[in-house]
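Trainee: Sequence first, then the predicted structure:
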Amino acid sequence: MRLEITCHDRVGMGQKVLGIFVEHGINVRGIELMQPGRIFINIPSLDFSDLQTFMPQLRLLEGVGDVKTAPYMPSERERNELATLIKTFPDPFISIDRKGNIRIVNTIASSIIGESETSLVGQHISLWLKGFNFNRWLDANDVLAQTRRLKFQGDDFVADIMPIHVADEEHKQVLAGAVLILKSEARLGQQMNVFKQPNENTFSGIQASSSAMRKVIREAKRMSSLDSSILIMGETGTGKELLARACHGASERAENPFMTLNCAALPDDVAESELFGVGEKEQESSKRGIFELADGGTVFLDEIGEMSAKLQSKLLRVIQHGSFRRVDSEQEVTVNVRIISSTNKDLLNLVSIGDFREDLYYRLNVFGLTLPALRERRSDILPLAEFFIIKAAQQIGRTHLKVSDDCRDFIEHYPWPGNIRQLENVLTRAASLLEGDEIETTHLQLPAYTREHGYLEQEFEGTLDAAVKSFEADLLRKLYPAYPSTRQLAKKLGLSHTAIANKLREYDINKKTVKI
């Protein structure tokens, strides 16, 4: 039988309790101390009369609050819980010791081998798994997790091989063996099919702890169900494509293709053929474009502000009429696609200076979403950082990676001009090159930054005068399209008309060099 004793947590309490059992000659088979103030004791079953004798004595001990029978010891539950998990695990599971000998196998593993679970204990793992040197791996100075393709009873399996470490008296990690989880090709195929099925909550992969991001996600979910164009605005690296994919996944088009084109990455003629395809004058060169391939689905146009005037006109026709012509073809092609576009530029400003068609802008911006920069959603930074570190650790086979408190504070307050993409790249690099288990601020390869002074450019070259002139010229070029009159610009900047005119001449800023 098992007893649970609730008592004060103080020195000598356990000795007093055990003294009662010694006094009555009761054999104690096991004792476990859980959280402070709870003692579990395993004793042989007693008659009711015996219980009536010593139970009151236990309750009368100073510091004892209650004594009652328990259905099981905590360790018994843990052992059975683990045994049930291993036995019913749907994939082959094998545990080995430091020498590579089998300690535990589950039912499915033993059935594939064709021997009983007990007969396999003590046999070397290499008798059954081919393609990996377990002894060499276990004898290495630094035993890291591995994912390998192995032969198991003549069939191909993917094996996750994970070391087991136990802390010694000095809290150093000592290798105790390893566990292996094996997946067959058929099993991996089943899991991939399930993974590819439409997810009811397609936005679950987007970190949204901050109120700003929660607002964006709420709006995006509503827009996804409506079959109109969406324009996603935000700085580089804020996750515009990830949001676009989520919108597609939550729409009625989810089971149809999601095709992408980066408008800034390709020359004009290449981008045109990629979008609209090539005609049939020469059969060998004929090909379908993104719009045809995405028929019934979604086309995502990244950095739409970089699209040329020619492509803008052709895109407008697709939106208006649902049809277009391939390059070098007179044949009309009709498609049904939804367009989601993104930009890190001010499209309205591009419209005002004639670099972007106004009618196309309003066709694309039926629904608009603005993704906040990472520095504007600080409560999302640390959860994202933890996610990227776990992801990097899995890729390189490392475990127990952590971030120091100083580094966490630095990460949270750094402005991240490259946003989420920069955060992921920096942390992936730090984790990959890390020699220990803790990432410090010095491991982050970033321009120096302090809250008081902002960026500290360590590689700055030139003079202060040159830096001031460069900033001045850049500011004037940005303002000139909105204030093309020197008098207006002078008034805006609080300078004289003559001073502004001289500066515009010095920096060669005029209607020929700057589009208005």
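Mentor: Cool, got the structure. Numbers count the residues shown, from 1 in each chain.

Trainee: From here on, just use CA atoms for contacts and neighbour counts.
Mentor: OK.

Trainee: Show me what the helix or strand harbouring residue 429 packs onto, helices and strands only.
Mentor: Using DSSP states H and E, residue 429 sits within helix 419-433. For helix 419-433, the helices and strands in contact under the criterion 3 or more CA pairs under 8 Å, 6 or more residues apart in numbering; DSSP states H and E are helix 381-396.

Trainee: If I take the helix it packs on and helix 419-433, what angle do their directions form?
Mentor: 40 degrees (axes from the mean of the first three to the mean of the last three CA atoms, to 10 degrees).

Trainee: which neighbours does the helix or strand that helix 381-396 is followed by have in its sheet, and in what orientation?
Mentor: In the C-terminal direction, the helix or strand that comes right after helix 381-396 (DSSP H and E) is strand 402-403. The pairing partners recorded for strand 402-403 under DSSP bridges are strand 438-439 (parallel).

Trainee: which residues touch the strand it pairs with?
Mentor: Contacts of strand 438-439 from elsewhere in the structure, counted by CA atoms under 8 Å, 6 or more residues apart in numbering, are 401-404, 407, 430-431.

Trainee: and which of those is nearest residue 256?
Mentor: The shortest separation between residue 256 and any of the contacts of strand 438-439 is 37.2 Å, and it belongs to residue 431 (by CA to CA).

Trainee: Burial check on the closest residue to residue 162 other than its chain neighbours, number of neighbours?
Mentor: Counting by CA to CA, 6 or more residues apart in numbering, residue 162 lies nearest to residue 145, which is 4.6 Å off, once chain neighbours are set aside. Number of residues near residue 145 (other CA atoms under 10 Å) recorded here: 21.

Trainee: heads up, I number from 7, so please use that
Mentor: Yep, numbering from 7; the last one is residue 151 now.

Trainee: which residues touch residue 151?
Mentor: Shown in contact with residue 151 (CA under 8 Å, 6+ apart): 166-169, 403-405.

Trainee: Reformat the residues you listed into CSV and put neighbour count, pLDDT and distance to residue 69 next to each item.
Mentor: Output for the contacts of residue 151, formatted as CSV (neighbours: other CA atoms under 10 Å; pLDDT from 0 to 100; distance: CA to CA, whole Å):
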residue, neighbour count, pLDDT, distance to residue 69
166, 18, 92, 50
167, 20, 93, 48
168, 20, 93, 45
169, 22, 93, 44
403, 17, 71, 49
404, 18, 71, 47
405, 15, 64, 43
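
Trainee: nearest to residue 34, of those residues?
Mentor: Here the nearest of those to residue 34, counting by CA to CA, is residue 169; it sits at 35.5 Å.

Trainee: can I assume the closest one sits in a strand?
Mentor: Yes - following the definition DSSP: H, G, I helix; E, B strand; the rest coil, residue 169 is counted among the residues of a strand.

Trainee: before we move on, the earlier item: could you pull up the mean pLDDT of the helix holding residue 435?
Mentor: Mean pLDDT, helix 425-439: 92.

Trainee: What is the neighbour count of residue 239?
Mentor: Applying the criterion other CA under 10 Å, we find 21 residues in the vicinity of residue 239.

Trainee: Excluding chain neighbours, give the residue nearest to it in space.
Mentor: Skipping the residues right next to it in sequence, residue 239 comes nearest to residue 376 by CA to CA, 6+ apart, at 4.6 Å.

Trainee: for residue 314, same thing?
Mentor: With CA to CA, 6+ apart, the residue lying closest to residue 314 is residue 274, at 6.8 Å.

Trainee: Which neighbouring residues are in contact with that neighbour, exactly?
Mentor: Per CA under 8 Å, 6+ apart, neighbours of residue 274: 313-314, 317.

Trainee: Quick check: residue 11 touching residue 42?
Mentor: No - between residue 11 and residue 42 no contact is recorded; they are 11.2 Å apart, counting by CA atoms under 8 Å.

Trainee: Which one of these two is surrounded by more residues?
Mentor: Neighbours per residue, other CA under 10 Å: of residue 11 and residue 42, the larger number sits with residue 11, 22 against 11.

Trainee: Let me know the pLDDT of the more buried one.
Mentor: Looking at residue 11 specifically, the model assigns a pLDDT of 87.

Trainee: Can you give me the neighbour number for residue 133?
Mentor: As a measure of burial, residue 133 has 10 neighbours, counting by other CA under 10 Å.

Trainee: Could you measure from it over to residue 230?
Mentor: 54 Å (CA to CA, to the nearest Å).

Trainee: what do you get for residue 434?
Mentor: Distance from residue 434 to residue 230, counting by CA to CA: 32 Å.

Trainee: Next, name the residue at the spatial heart of this structure.
Mentor: Nearest residue to the geometric centre of the chain (CA atoms, centre = their mean): residue 393, 4.7 Å.

Trainee: just to revisit the earlier point, please tabulate the contacts of strand 444-445 in CSV, including the columns distance to residue 180 and neighbour count.
Mentor: As requested, those are exported to CSV (distance: CA to CA, whole Å; neighbours: other CA atoms under 10 Å):
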residue, distance to residue 180, neighbour count
407, 17, 16
408, 19, 16
409, 22, 18
410, 23, 13
413, 28, 17
436, 25, 20
437, 22, 26
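
Trainee: Of those, which is the nearest to residue 159?
Mentor: When the contacts of strand 444-445 are compared for distance to residue 159 (CA to CA), residue 407 wins out at 35.3 Å.

Trainee: My guess is the closest one contacts residue 446. True?
Mentor: No - under the contact definition of CA under 8 Å, residue 407 does not touch residue 446, with a separation of 11.1 Å.

Trainee: Can you classify residue 175 as helix, strand or coil?
Mentor: coil.

Trainee: ok, it - contacts?
Mentor: By CA under 8 Å, 6+ apart, no residues touch residue 175.

Trainee: Which phi and psi values does it adopt?
Mentor: phi -60, psi -30 (degrees, to the nearest 10).

Trainee: pLDDT score for it?
Mentor: 79.

Trainee: ok, now the one 4 residues further on?
Mentor: Residue 179 is assigned 86 on the pLDDT scale.

Trainee: tell me the domain boundaries of this protein?
Mentor: Following automatic domain parsing, one gets these domains for the chain: 8-82, 95-197, 217-376, 380-462, 470-512.

Trainee: Distance across the last one, terminal residue to terminal residue?
Mentor: Using CA to CA, one end of domain 470-512 lies 18 Å from the other.

Trainee: to the chain's geometric centre, what's the distance from stretch 314-331?
Mentor: For stretch 314-331, the distance from its own C-alpha centre to the chain's C-alpha centre is 36 Å (CA atoms, centre = their mean, to the nearest Å).

Trainee: ok, for residue 347, nearest residue in space, not its chain neighbours?
Mentor: Across the structure, with CA to CA, 6+ apart as the measure, the residue nearest residue 347 apart from its sequence neighbours is residue 307 (4.5 Å).

Trainee: Which residues are in contact with the closest residue to residue 338 other than its chain neighbours?
Mentor: Among residues not flanking residue 338 along the chain, residue 331 sits closest, at 5.1 Å (CA to CA, 6+ apart). Residue 331 makes contact with 282, 337-339, according to CA under 8 Å, 6+ apart.

Trainee: Got the phi and psi for the residue lying closest to residue 95 once chain neighbours are set aside?
Mentor: Here the nearest residue to residue 95 in space, its sequence neighbours aside, is residue 112; by CA to CA, 6+ apart that works out to 7.4 Å. When read as degrees, to the nearest 10, the backbone of residue 112 gives phi -90, psi 180.

Trainee: what's the distance between residue 112 and residue 62?
Mentor: Where residue 62 is concerned, residue 112 sits at a distance of 46 Å (CA to CA).

Trainee: Which one of these two is surrounded by more residues?
Mentor: residue 112 (22 against 11).

Trainee: From what I see, the more buried one and residue 123 are in contact.
Mentor: Yes - the pair residue 112 and residue 123 qualifies as a contact (CA under 8 Å) at a distance of 7.1 Å.
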